[in-house]
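**Q** 3D, please:
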Amino acid sequence: MVKVISGGLYTTIQDLGRYGYRKYGVPLGGAMDSYSSRLANRLVGNNRTEAVMEITYIGPVLRFDIATEIAITGAGFSPTLNNIEIPLNTRIQIPEGSILKFGLPGYGQRAYLSVAGGFKTEYILGSYSYHRGITLKPSIDTGDQLSITTNTGRQSKVTASVKIHRSYFTSSVIEVFKGPEFNLLSELFQQQLLNSVGVILPESNRMAYLLSGYEMLSAKEIITAPVQPGTVQLMPSGRCAVLMRDAQTTGGYARVLQLTEKAINQLAQKRAGEEVQFKLL
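**A** Residues are numbered from 1 along each chain as shown. From the prediction side, this is the model:
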């Protein structure tokens, strides 16, 4: 069992999402940075689909009431175990009774905590992922107790570790493909869309990242059509909405671009005020 002493800013349990339910209007959900989530699981020997803890900007304080193994990936937090700093992207042995804390991240904004065997929380529609209106809780709160698998005989003296290049978090380049309505833009608007620098707005969240900097552009609304994580919608106001993991399943704004999976993961690590620029593949 893991006791939540402090819940942090916005901490949730996520796996790789709810597949097969979008036809009913259920968002895919799952880890915003799926690469970091999968890596965290791999480091402790889990299946890549096991549930992990997604930590956003201000981390929680956790007490482990059983021994286990963990890994922390993603943003550049400075985690400590019993007040001693521990490395990221490394498998760590956790003795019973240990306290895990997180400092503010030096880069990125989302970290992923895996435990051996995965977190065993509420399982709905084939997923552990927290989502308001689907799971009982939208996020982790102080006082919560999270079930994990008892670590029997798994501990190893071997320490798995990987190195992640800092450019994964710092690069402003967001790789995209043309969206269904890209060719309905004039050639001038197409060039301006790709050459302009977008600024991430504070209203951005797990449903969509909002970008300013495209006010010179415009596109007519369309008949409601399917959208998915990574779809870039151009609003009549000139703002861009980049749909993220908790996005709706249909939309009526022009779908001008589509992010690659890598680009979705990288954008998920960007903070309000940071700049991005689309690069057409």
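
**Q** Just the buried positions in stretch 37-45, please.
**A** 37, 38, 39, 40, 41, 42, 43, 44, 45 (16 or more other Cβ atoms under 10 Å). The C-beta positions use only the backbone N, C-alpha and C, and glycine is treated the same way.

**Q** Could you check which helix or strand contains residue 194?
**A** Remark: residue 194 resides in helix 187-195, with elements defined by DSSP states H and E.

**Q** mean confidence for that helix?
**A** Across helix 187-195, the average pLDDT comes to 96.

**Q** Show me where the stretch 1-150 of the chain dips below the pLDDT cut-off.
**A** When the per-residue scores of the stretch 1-150 of the chain are filtered using pLDDT under 70, no range remains.

**Q** Among the buried residues of stretch 37-45, which ones are in helices?
**A** For these, membership in helices holds for 37, 38, 39, 40, 41, 42, 43, with DSSP state H as the criterion.

**Q** Let me have those residues in CSV, extended by distance to residue 16.
**A** Converted to CSV, these look like this (distance: Cβ to Cβ, whole Å):
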residue, distance to residue 16
37, 7
38, 8
39, 13
40, 12
41, 10
42, 13
43, 16
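
**Q** Against residue 98, how distant is the residue most central in space within the chain?
**A** When the chain is reduced to its mean C-alpha position, the closest residue under Cα atoms, centre = their mean turns out to be residue 32, at 1.8 Å. Residue 32 sits at a distance of 27 Å from residue 98 (criterion: Cβ to Cβ, to the nearest Å).

**Q** quick revisit: list the contacts of the residue nearest to the centre of the chain.
**A** Taking Cβ atoms under 8 Å, 6 or more residues apart in numbering, we find residue 32 in contact with 14, 54, 110, 206, 244, 245, 264, 265, 268.

**Q** is residue 124 in a bridge, and if so with what?
**A** Bridge pairing for residue 124 (DSSP bridges) gives the partners residue 127.

**Q** returning to what we had before: how about CSV for the buried residues of stretch 37-45, with distance to residue 115 added?
**A** Shown next, in CSV, are the buried residues of stretch 37-45 (distance: Cβ to Cβ, whole Å):
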residue, distance to residue 115
37, 13
38, 15
39, 14
40, 9
41, 10
42, 13
43, 11
44, 7
45, 11
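
**Q** farthest pair in these?
**A** Based on Cβ to Cβ, the longest span within those runs between 37 and 45 and measures 14.9 Å.
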